[in-house]
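# Kindly return the folded structure for what I paste below:
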Amino acid sequence: MIPRESGFFSMTTGQPCFSYDVFLSFRGEDTRKTFTDHLYAALKQAGIRTFRDDDAMDRGRRLEPELKKAIRESAISIIVFSRNYASSKWCLDEVLTIIEEQERLSSKHEVVPVFYNVEPSDVRNQTGSFKEAFGGYESMIEAETDYQKKIEWQEKVKAWRISLKKAGSLTGMVLANGISSQISSSNSS
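Below is the predicted model:
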């Protein structure tokens, strides 16, 4: 359990200020059966209330509002960046919401990136597999015939790029083949 002095508890009631201690953002096909499952199990075993989309969601409800609410009601977001993370519009919407929440003036939301078999610079600069994913989005925009939809997609892709740049610039952990190789810092290339 997170210690009471951590700031996650109300000073008046002693109750948690957040619905979740941690929100996990990850690309399921890359890490669900490996790293993320192990991380989730370790967090739960330690008594840390963790939101993970595949077991905390009410299946009949619209997912987007519930995910945004879970992000806002979490003290910390752990973003597990992996090779195919940027190929998921869903993941990109999550990182956008996470960064927006972190930047809110009254927010105490912390963000911890984990770079799982990707370099922080690939996330930050959208190179490597992130460049490939964004190439697909640029092609989609180019093929869009509805002018309004084209503009909306351009704005969305721009917002995704900015949020990835910010998230990729945060201090986090770099894991190669599941082994911690270094702690990344915000001033790396």
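# so residue 32 makes contact with residue 38?
No. Counting by Cβ atoms under 8 Å, residue 32 stays clear of residue 38, with 10.7 Å between them. Any C-beta I mention is one placed from the backbone N, CA and C, and that applies to glycine too.
# So which of those two has more stuff around it?
Set side by side, residue 32 and residue 38 show more neighbours around residue 32, with 16 against 12, by other Cβ atoms under 10 Å.
# for that one, phi and psi?
Here is the backbone geometry of residue 32 (degrees, to the nearest 10): phi -60, psi -40.
# Per-residue pLDDT of it, please?
Residue 32 is assigned 85 on the pLDDT scale.
# and the gap between it and residue 118?
16 Å (Cβ to Cβ, to the nearest Å).
# contact partners of the one helix or strand residue 23 maps to?
Assigned by DSSP states H and E, residue 23 falls within strand 20-26. Contact partners of strand 20-26, identified using Cβ atoms under 8 Å, 6 or more residues apart in numbering, comprise 2, 8, 32, 36, 39-40, 43, 48-53, 56, 70-71, 73-80, 82, 85, 91, 94-95, 98.
# how close does residue 45 sit to residue 31?
18 Å.
# More neighbours: those two, which one.
Applying other Cβ under 10 Å to residue 45 and residue 31 shows that residue 31 carries more neighbours, namely 25 against 8.
# And the longest helix belonging to the chain, how far out from the chain middle?
Using DSSP state H, we find that the single longest helix of the chain is helix 147-168. Here helix 147-168 is found 16 Å from its chain centre; the criterion is Cα atoms, centre = their mean, to the nearest Å.
# just checking, what packs against it?
Packing partners of helix 147-168 (3 or more Cβ pairs under 8 Å, 6 or more residues apart in numbering; DSSP states H and E): strand 74-81, helix 89-103, strand 110-116, helix 120-125, helix 129-143.
# With mean neighbour count, distance to residue 153 and mean pLDDT added, can I get these in a markdown table?
As requested, these are exported to a markdown table (neighbours: other Cβ atoms under 10 Å; distance: least, Cβ to Cβ, whole Å; pLDDT from 0 to 100):
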| stretch | mean neighbour count | distance to residue 153 | mean pLDDT |
| --- | --- | --- | --- |
| strand 74-81 | 24 | 22 | 96 |
| helix 89-103 | 20 | 10 | 94 |
| strand 110-116 | 21 | 25 | 96 |
| helix 120-125 | 21 | 21 | 97 |
| helix 129-143 | 15 | 5 | 97 |
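# Looking at those, which is nearest to residue 160?
helix 89-103 (4.4 Å; Cβ to Cβ).
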